[in-house]
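S.K.: Predicted coordinates and the sequence they were generated for:
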Amino acid sequence: MTNVLAISRRTFDALSVPNFKRYFFGQSTSLIGTWMQSIAQSWLVYTLTHSSTAIGAVVALQTLPVLLLGPYGGVIADRVDKRRLMIVLQALMGVQALVLGLLTVFHVVHFWELCVLALVLGLNNTFENPVRQSFVLEMVGSEKVRNAVSLNSTMVNAARAIGPAVAGVLIASVGVGVCFLVNAASFVAVVYSLTSMDTAALQPSTPAPRSKGQLRDGFRYVASEPRLGIPLLMMGIVGMLGYEFTVTLPVVAKQTFHGGATTFGFLTASMGIGAVLGGLVTATRGRTGLRPLTVAAALFGVMILFAAASPGLAIEIVALAAVGWTSVTFLATGNSTLQLTADPSMRGRVMALWSVAFLGSTPVGGPLIGWIVATTSARVGLAVGGVSAVAAAGIGLFALTRLGIVKADGRRRDLADTRPVPSPLEIAAEGD
């Protein structure tokens, strides 16, 4: 019993911070609505156009601003009061969902309007992503940040498990537009959590003064520090090709397994369930550094390839649960590694580049995967993502074996760890 309580305390350590606990539950409510909107948007686009390429185009428009303006969003995050900016941005996201919901409910929505609203949401995300991610450390401090990031990832994927399932039921029963309206209402919870925080208990980093060259400084800083540059490169590759599930899964549901919105919802929900379990394990015993990130990337790639080859729906659901588990392990490990490595004055810019690598690469990867799916099959689209994660793991392994710090005894050390790095065979054989 004592061991169970100790594990529970380690798993949920960051929730002992009142501000983070308040934020965590407010954001949880909002994220369920966000995942409902994501599923509903992909289904609506596919219903209007019957085109996987169109889904990829909308996803690309939603992430294009992150690619083009994401680094500048990080500069802003380093300059301002993060909590206040988040309040404004979260409220605007609620307005965007409300407009989309009203257009859909009244049956006046057109494909070009979906594209415009996706672009508007992308502009908001450009500034919201880096400020939200760097704000976590201000709430919990450096000792609890890895646990907080893992719990955040768990929260996102718990919402992924609940949101798509609810969306599938709502789409089938009352229509797709209701999903957008529910999402609009859900932003009240997160805005309230931010406005009601105890600001005296926060640990804000000193805002960077406005000066010329701050954007270039961020790029130079990352380029000069391989503990940041290598994880960002790995995330860029996987983000571009591996995380295009919003493009592939609707087609997997409809064409590969001959299902509908409910099948699509449950495929996505199975990923979420696996990710919740993976997130809790990572929160309890996860590590930071390039070595665990490399292992996580390799396992993520293998699981996507397993999903691509699954012969039946039941096996596909199990495979996607494994994809979710390894996905959240890769994300949480990379995110917390960057946050703990980056200088506080550069954290917003570093996390903005993380957002560019994760989301900003989608304008390239989304249409590309959409085209691959349209010309071949959804299975091939998934397989390309799996290969990209394995390739990223290869880059991490190369960095560990060739770019590590060599001690006098000849042993190499992990770029983000002080412990000896094992041989390549040991790295490949080690689980997370």
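M.R.: Right, received. Where do you want to start? Numbers count the residues shown, from 1 in each chain.
S.K.: can you tell me which residues contact the closest residue to Leu181 other than its chain neighbours?
M.R.: Closest residue to Leu181 apart from its sequence neighbours, by CB to CB, 6 or more residues apart in numbering: Gly101 at 3.8 Å. Where C-beta positions appear, they are placed from N, C-alpha and C, glycine not excepted. By CB atoms under 8 Å, 6 or more residues apart in numbering, the contact list for Gly101 reads 177-181, 183-184.
S.K.: what about Gly101, helix or strand, and which?
M.R.: Following DSSP states H and E, one finds Gly101 within helix 82-105.
S.K.: before we move on, back to that, now, the contacts of Gly101 that are in helices?
M.R.: Per DSSP state H, helices hold the following members of the contacts of Gly101: 177-181, 183-184.
S.K.: Highest neighbour count among these?
M.R.: Most neighbours among these, by other CB atoms under 10 Å: Cys179, with 32 neighbours.
S.K.: close enough to count as contact, it and Leu170?
M.R.: Yes - here Cys179 lies in contact with Leu170, judged by CB atoms under 8 Å, at a distance of 5.5 Å.
S.K.: Now the common contact residues for those two.
M.R.: Counting by CB under 8 Å, 6+ apart, the residues touching both Cys179 and Leu170 are 36, 40.
S.K.: Now the helix holding Gly101: buried residues?
M.R.: 82-83, 85-87, 89-90, 92-94, 96-101, 103-105 (16 or more other CB atoms under 10 Å).
S.K.: how many degrees apart are whatever helix or strand comes next after it and helix 82-105 in direction?
M.R.: Once the chain leaves helix 82-105, the next helix or strand it forms, by DSSP H and E, is helix 111-140. Counting by axes from the mean of the first three to the mean of the last three CA atoms, to 10 degrees, helix 111-140 lies at 150 degrees to helix 82-105.
S.K.: after helix 111-140, next one along is what?
M.R.: Beyond helix 111-140 on the C-terminal side, the first helix or strand identified by DSSP H and E is helix 145-173.
S.K.: for that next one, packing partners?
M.R.: Here helix 145-173 touches helix 18-49, helix 111-140, helix 177-195, helix 261-285, helix 313-341, going by 3 or more CB pairs under 8 Å, 6 or more residues apart in numbering; DSSP states H and E.
S.K.: any weak-confidence spans in the stretch 201-350 of the chain?
M.R.: Along the stretch 201-350 of the chain, the parts satisfying pLDDT under 70 run over 206, 208-209, 211-213, 283-286.
S.K.: now do 90
M.R.: Applying pLDDT under 90 to the stretch 201-350 of the chain picks out residues 201-229, 232, 235-236, 239-292, 309-314, 317, 324-325, 327-350.
S.K.: CA atoms only for stretch 262-281, dumped as PDB, please.
M.R.: Taking C-alpha atoms only, stretch 262-281 is exported to PDB below (Å, rounded to 0.1, in the frame of the first residue of the first chain):
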ATOM      1  CA  THR A 262     -18.100   6.300 -35.200                       C
ATOM      2  CA  THR A 263     -15.300   4.100 -36.500                       C
ATOM      3  CA  PHE A 264     -13.200   7.100 -37.100                       C
ATOM      4  CA  GLY A 265     -13.900   8.400 -33.600                       C
ATOM      5  CA  PHE A 266     -13.000   5.000 -32.000                       C
ATOM      6  CA  LEU A 267      -9.800   4.700 -33.900                       C
ATOM      7  CA  THR A 268      -8.700   8.100 -32.700                       C
ATOM      8  CA  ALA A 269      -9.900   7.400 -29.200                       C
ATOM      9  CA  SER A 270      -7.900   4.200 -29.000                       C
ATOM     10  CA  MET A 271      -4.800   6.300 -29.700                       C
ATOM     11  CA  GLY A 272      -5.800   8.500 -26.800                       C
ATOM     12  CA  ILE A 273      -6.300   5.600 -24.400                       C
ATOM     13  CA  GLY A 274      -2.800   4.300 -25.200                       C
ATOM     14  CA  ALA A 275      -1.400   7.800 -24.800                       C
ATOM     15  CA  VAL A 276      -3.000   8.300 -21.400                       C
ATOM     16  CA  LEU A 277      -1.300   5.100 -20.100                       C
ATOM     17  CA  GLY A 278       2.000   6.000 -21.700                       C
ATOM     18  CA  GLY A 279       1.800   9.500 -20.300                       C
ATOM     19  CA  LEU A 280       1.200   8.200 -16.800                       C
ATOM     20  CA  VAL A 281       4.200   5.900 -17.000                       C
END
